[in-house]
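S.K.: what's the 3D shape of this:
(one chain, ligands or ions: 2)
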Amino acid sequence: MAYIEPAPIKDAENPLESMMERFNLAAEKLGLSEEVYNVLKNPAKQVIVSLPITMDNGKIQVFEGIRVIHSNILGPAKGGIRFAPDVHLDEVKALAAWMTWKCAVVDIPYGGGKGGVKCNPREMSKGEIERLMRAYTLAMIDVFGPDKDIPAPDMGTGPREMAWLMDEYSKAHGMTVNAVVTGKPLVLGGSLGRTEATGRGVMVSALAAMQKLKINPFQATCAVQGFGNVGSWASILLEERGLKIVAISDISGAYHNENGINIQEAIAYRDGNNGTLEGFKGAEKMADAMELLELEVDVLVPAAVEDVITIHNVDRIKAKLIVEGANGPTSAKADAIINEKGIMAVPDILANAGGVTVSYFEWVQNRLGYKWTAERVNRRSDRIMKDAFDHVYEASIKYDVPMRIAAYIVAIDKVAKTYTYRGGF
Ligand SMILES: NC(=O)C1=CN([C@@H]2O[C@H](COP(=O)(O)OP(=O)(O)OC[C@H]3O[C@@H](n4cnc5c(N)ncnc54)[C@H](O)[C@@H]3O)[C@@H](O)[C@H]2O)C=CC1
Ligand SMILES: O=C(O)CCC(=O)C(=O)O
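M.R.: Ligands and ions are numbered 1, 2, ... in the order given. Down below sits the predicted model:
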């Protein structure tokens, strides 16, 4: 039977520690009571399952599946499912807590959850991935539910996997339950605008921050790390708003063109090339993909994985503005240096909240049995993102803290007040 090596934690500063460092700073600024601090610091539920799957070669391989519900104080837990080789419990715990803070920052009635399966979907057939997704759903059948815990896509999963989840859950309940998951294909009750929603929120946050920093989008350059759902949509929408995208990257490497990359061409190339940019001729491949982060650009959008901006490279970051499309791309230890350098960082729990916002709209539409137009979805999500940006910006002035800690303050304050009103003591 195949054995999967446990993956090492990516950085000495693991994402859970990074989340906790920021949480502690914000809790101190807010004067959070010890009781509430202890409630909010610990995840409400952690489930780990073994998933034996028959692979195409007839052998059985056992995969580890995780779901963490950090909090359901504001409402049902909400958060994506990640399929990646290096998924580990601390990462999922951090991602689940970030979902709680994210939903509170954009003021939608959800708690936070996250799931992950340790697997490499790039090396699996469609049938193997389907069997894995269905097995994971069945193993989590009592965890998920439209009023309990509502999954969505994350790295390595998309509408196709959400369709299998919805089908498996619906079969187990003897009826169609499309509100159990968001990010579904349109014909299954997906929302117009969900695919591009996270990248769109990144664009709205970037423009709001550029306005504060007096950067003219038509004279600005931008580098984007990660060219999947979030990175490629952020690139399209920022390019449409006038920015010159000079570098993009994915798992195959980083590609640089100081005259600007034609993003539609890059997407067409990726889609016809097994999903990667390897061999893309519209830009020069960089010798070291991590150097994309160090380019002299106005705006840097990390939209791939955690802990890519750390104490090891933060000194060399030259961007004036970082807009975090990914969850946890900056380790907590790098924060202080970013602040010292006068770089504005729009944090993940604000900048990438457009995705969960439109997921919320999808769930609302499913429950109403009704469909909104793309125009209505985009208008409402843009408003929510812009209001959230302004709210966090005001908090950063009021508490004299960087945007990241301000976002945690806004979020923790809301969850703590709700908890206290509900009378959890
Ligand atoms: N999809 C969504 O709606 C949301 C995603 N996010 C976060 O955004 C990030 C990206 O997610 P998606 O775009 O959905 O994933 P995806 O699976 O669609 O794309 C990930 C991209 O990152 C690239 N990549 C992976 N490792 C890399 C590395 N070490 N260096 C450079 N590129 C690398 C992949 O090749 C791919 O282009 C994740 O942190 C995710 O948690 C956050 C909010 C919502
Ligand atoms: O769309 C959702 O419900 C959650 C998306 C997600 O996992 C995230 O924002 O990190």
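S.K.: Tell me the residues of the stretch 201-350 of the chain that contact ligand 2?
M.R.: Applying CB under 6 Å from any ligand atom, we find that the stretch 201-350 of the chain lies next to ligand 2 at residue 327. In short, each C-beta sits where N, CA and C put it, glycine included.
S.K.: any weak-confidence spans in the stretch 201-350 of the chain?
M.R.: Within the stretch 201-350 of the chain, no stretch has pLDDT under 70.
S.K.: Could you pull out the strands in it for me?
M.R.: 221-225, 244-250, 253-256, 284-285, 299-302, 321-323, 344-346 (DSSP state E, counting those that start in this stretch).
S.K.: Out of those, which is the most enclosed?
M.R.: Among the strands of the stretch 201-350 of the chain, strand 299-302 has the highest mean neighbour count (mean count of other CB atoms under 10 Å), at a mean of 30.
S.K.: In the stretch 101-250 of the chain, what residue comes closest to ligand 2?
M.R.: Closest approach between the stretch 101-250 of the chain and ligand 2, counting by CB to the nearest ligand atom: residue 152, at 3.2 Å.
S.K.: For that residue, grab the count of nearby residues.
M.R.: 26 (other CB atoms under 10 Å).
S.K.: now do residue 311
M.R.: Counted with other CB under 10 Å, residue 311 comes out at 15.
S.K.: Just confirm residue 61 contacts residue 52, I think it does.
M.R.: Yes - applying CB atoms under 8 Å, one finds residue 61 in contact with residue 52, separated by 7.4 Å.
S.K.: contacting residues for the closest residue to ligand 1 within the stretch 201-350 of the chain?
M.R.: Using CB to the nearest ligand atom, the closest approach of the stretch 201-350 of the chain to ligand 1 is made by residue 228 at 1.7 Å. When contacts are counted by CB atoms under 8 Å, 6 or more residues apart in numbering, residue 228 touches 155, 250, 303, 304.
S.K.: Also residue 127?
M.R.: Residues counted as contacts of residue 127 (CB under 8 Å, 6+ apart) are residue 56.
S.K.: Show me how far the helix or strand where it lies is from its chain's centre.
M.R.: Using DSSP states H and E, residue 127 falls within helix 126-139. Centroid separation for helix 126-139 versus its chain: 22 Å, with CA atoms, centre = their mean, to the nearest Å.
S.K.: just checking, next helix/strand downstream of it?
M.R.: Going down the chain from helix 126-139, the next helix or strand is strand 149-153, by DSSP H and E.
S.K.: about what we covered before: now render the strands of the stretch 201-350 of the chain as TSV, adding distance to ligand 1.
M.R.: Putting the strands of the stretch 201-350 of the chain into TSV (distance: least, CB to the nearest ligand atom, whole Å) gives the following:
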stretch	distance to ligand 1
strand 221-225	5
strand 244-250	3
strand 253-256	7
strand 284-285	13
strand 299-302	8
strand 321-323	12
strand 344-346	13
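S.K.: out of the ones you listed, nearest to residue 176?
M.R.: Nearest to residue 176, of all the strands of the stretch 201-350 of the chain, is strand 244-250, at 35.7 Å by CB to CB.
S.K.: Which other helices and strands does the closest one contact?
M.R.: strand 221-225, helix 229-240, strand 253-256, helix 263-271 (3 or more CB pairs under 8 Å, 6 or more residues apart in numbering; DSSP states H and E).
S.K.: Tell me which strands it pairs with, and in which orientation.
M.R.: strand 221-225 (parallel), strand 253-256 (antiparallel) (DSSP bridges).
S.K.: Of all the strands of the stretch 201-350 of the chain, which one is nearest residue 33?
M.R.: strand 344-346 (28.9 Å).
S.K.: Spell out which parts of the stretch 301-425 of the chain neighbour ligand 1.
M.R.: 303, 304, 305, 325, 326, 327, 352, 355.
S.K.: Would you report which members of those residues are assigned to helices?
M.R.: Residues of these located in helices (DSSP state H): residue 355.
S.K.: which of the residues of the stretch 301-425 of the chain next to ligand 1 has the most neighbours?
M.R.: Busiest of those [other CB under 10 Å] is residue 325, holding 32 neighbours.
S.K.: Looking at the stretch 1-150 of the chain, which residue is nearest ligand 1?
M.R.: In the stretch 1-150 of the chain, no residue comes nearer to ligand 1 than residue 80, which is 6.2 Å away by CB to the nearest ligand atom.
S.K.: what's the following helix or strand after the lengthiest strand in the chain?
M.R.: With secondary structure taken from DSSP state E, the chain has its longest strand at strand 60-71. On the C-terminal side of strand 60-71, the closest following helix or strand by DSSP H and E is strand 77-84.
S.K.: pLDDT wise, what is the residue in the chain positioned nearest to ligand 2 at?
M.R.: Using CB to the nearest ligand atom, the single residue of the chain nearest to ligand 2 is residue 80, 2.7 Å away. Note for residue 80: predicted pLDDT of 98.
S.K.: so who does it touch?
M.R.: 95, 114, 115, 151, 152, 153, 154, 155, 157, 183 are the contacts of residue 80 under CB under 8 Å, 6+ apart.
S.K.: measure it to residue 170 for me?
M.R.: Counting by CB to CB, to the nearest Å, the gap from residue 80 to residue 170 is 20 Å.
S.K.: any idea how far residue 384 lies from residue 353?
M.R.: 8 Å.
S.K.: tell me how far the ends of stretch 286-304 are from each other?
M.R.: Its start and end residues considered, stretch 286-304 measures 17 Å (CA to CA, to the nearest Å).
S.K.: can you check stretch 116-124 too?
M.R.: So stretch 116-124: terminal residues 16 Å apart, CA to CA.
S.K.: in that stretch, what counts as buried?
M.R.: Using 16 or more other CB atoms under 10 Å as the test for burial, stretch 116-124 gives 116, 117, 118, 119, 121, 124.
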